[in-house]
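> have a look at this prediction, sequence included:
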Amino acid sequence: MTAYTFTTSTPVGPFTVLAATDHAVLASGWTDDPETLRVLIHPSLRPDRVVAGDGGDIAAAVEAYLAGDLTATDRVQVRQASGPFLAHSWDVLRTVPAGDPVTYTRYAELAGRPTAVRAAANACARNAAALFVPCHRVLRTDGSLGGFRWGLPVKRWLLDHEAH
């Protein structure tokens, strides 16, 4: 399978997307190295070839998000694979509105498993489609940032951007 990639500049560094030929995001994050993203994709979806592309509607959605349209990335199709709970949890993450982050406990509740806080945190940790599946909108119970694959400064910037 072939995927295409593009990189755009953001205030917190380069942001790269790997997408399927049907324009579904397979992986994304704050790196300029597509291989860093390719290995995050579930083996059943992982492309064996990555080519440069212009980004099209996905790039336009990222630019709109950066310009202040905080719902622009909501309209982009995402494709990730895993077990039923993780897949459901990623869908739930896409419903957490910008500017209104939730705790890991609340996220577990929203995912329908209120006692599965660690599983909810695992869903965030295994999310390959940063920004499009906004795991940055999940915080620790005390309000602190917790972890983020792309670094806490990026997570802080995203939350501050969405708070305006």
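Right, received. Where do you want to start?

> which residue is the nearest non-sequential neighbour of L40?
Leaving aside its sequence neighbours, L40 sits nearest to A128 (C-beta to C-beta, 6 or more residues apart in numbering; 4.0 Å). In short, each C-beta sits where N, CA and C put it, glycine included.

> return the residues in contact with the residue lying farthest from the centre of the chain.
Residue farthest from the centre of the chain, counting by C-alpha atoms, centre = their mean, is T115 at 23.7 Å. For T115, the contact set (C-beta atoms under 8 Å, 6 or more residues apart in numbering) comprises A108.

> give me the nearest residue to the residue most central in space within the chain, chain neighbours excluded.
The chain has A130 as the residue nearest its centroid, 1.9 Å off, counting by C-alpha atoms, centre = their mean. Residue nearest to A130 in three dimensions, not counting chain neighbours: G29, with 4.6 Å by C-beta to C-beta, 6+ apart.

> the closest residue to V39 other than its chain neighbours: neighbouring residues, count only.
Computed as C-beta to C-beta, 6+ apart, the closest residue to V39 that is not its neighbour in sequence is R46, at 7.7 Å. Neighbour count of R46, defined by other C-beta atoms under 10 Å: 17.

> again, but for G143
9.

> find me the pLDDT at it, would you?
We have a pLDDT of 90 for G143.

> how about the helix or strand V92 falls within: buried residues?
Element membership for V92, per DSSP states H and E: helix 84-93. Neighbour-count burial for helix 84-93 flags 85-86, 89-90, 92-93 (criterion: 16 or more other C-beta atoms under 10 Å).

> wait, C124 sits on R140?
No. Assessed by C-beta atoms under 8 Å, C124 is found out of contact with R140, at 11.3 Å.

> so these two - more neighbours on which side?
Comparing C124 with R140 by neighbour count (other C-beta under 10 Å), the higher total belongs to C124, at 23 against 13.
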